[in-house]
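J.: Predicted model, plus sequence, below.
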Amino acid sequence: MKRYKRGLYVGRFQPFHKGHLQVIKRILEEVEELIIVIGSSQISHELDNPFTAGERIAMVRRALTEEGVDASRYYLIPVPDTNMHSIWVNIVISLTPPFEVVYSNSPLTRRLFEEAGFEVKSVPLFLREVYSATEIRRRMLADEPWEDLVPKGVAEIIAEVRGVERLKALAKSDKAPP
């Protein structure tokens, strides 16, 4: 297996869950350092994106710390979206240390980085039918158990920021008449 100096992994992490954790651990087997991009960093307080970039950074950091991942092996960098896909890769490049390989299953992300000349590898999914941020948010809204799908520290952060209450308030405001 080829070993890379530095790789890049993009995710929204709304919220960060055990599937994300397993993916990162797997990628760290191939790279010396990993840049973890907190995507759509400018978006929060929406049903699909309830958590702020800062909250998501805290979630990822706490989960990796709990898992014993050496903090010198990763960077956590928030990157905003742009309405012009053709310049998004340049924005990522300008906000991150240099990297050799990109890990993504998103067709658009893969295409943009491939067109920019980067090697792009598929992300090894970990029990995708179980570990899904969409499913976790659904369970939060339905008062169903969700805590076992996220690392312990992530559940603690969600409780600290009253994330479930926020999500429920967002769901109510989405149903309100205009």
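T.: Yep, it's here.
J.: which residues of the chain fall in helices?
T.: Using DSSP state H, the helices found in the chain span residues 18-27, 53-66, 85-95, 107-115, 133-141, 152-160, 163-175.
J.: what inclination does the first one have with respect to helix 53-66?
T.: Translated: helix 18-27. 60 degrees (axes from the mean of the first three to the mean of the last three C-alpha atoms, to 10 degrees).
J.: And helix 18-27, how far out from the chain middle?
T.: From the chain centre to the centre of helix 18-27 is a distance of 11 Å (C-alpha atoms, centre = their mean, to the nearest Å).
J.: quick one: that helix to helix 152-160, angle?
T.: 140 degrees.
J.: Could you name the helices and strands sitting against helix 18-27?
T.: On a contact count with 3 or more C-beta pairs under 8 Å, 6 or more residues apart in numbering; DSSP states H and E, helix 18-27 meets strand 4-11, strand 31-38, helix 53-66. The way it works is simple: take the backbone N, C-alpha and C, and place the C-beta from them, glycine included.
J.: Now tabulate those in TSV and tack on mean neighbour count, mean pLDDT and distance to residue 119.
T.: Below are the helices and strands packed on helix 18-27 laid out as TSV (neighbours: other C-beta atoms under 10 Å; pLDDT from 0 to 100; distance: least, C-beta to C-beta, whole Å):
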stretch	mean neighbour count	mean pLDDT	distance to residue 119
strand 4-11	20	96	8
strand 31-38	22	98	12
helix 53-66	21	98	24
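J.: Tell me which of these sits nearest to residue 132.
T.: strand 4-11 (12.3 Å; C-beta to C-beta).
J.: How about residues contacting that closest one?
T.: Here strand 4-11 makes contact (C-beta atoms under 8 Å, 6 or more residues apart in numbering) with 20, 23-24, 27, 30-39, 79, 92, 96-104, 106, 109, 123.
J.: Please repeat the previous calculation with a cut-off of 7 Å.
T.: Strand 4-11 is contacted by residues 20, 24, 27, 30-37, 39, 96-104, 109 when judged by C-beta atoms under 7 Å, 6 or more residues apart in numbering.
J.: hmm, back to that, in TSV, list the helices and strands packed on helix 18-27 along with distance to residue 170.
T.: Listed next are the helices and strands packed on helix 18-27 as TSV, based on distance: least, C-beta to C-beta, whole Å:
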stretch	distance to residue 170
strand 4-11	21
strand 31-38	20
helix 53-66	14
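J.: Nearest to residue 44, out of those?
T.: When the helices and strands packed on helix 18-27 are compared by C-beta to C-beta, helix 53-66 sits nearest residue 44, at 7.2 Å.
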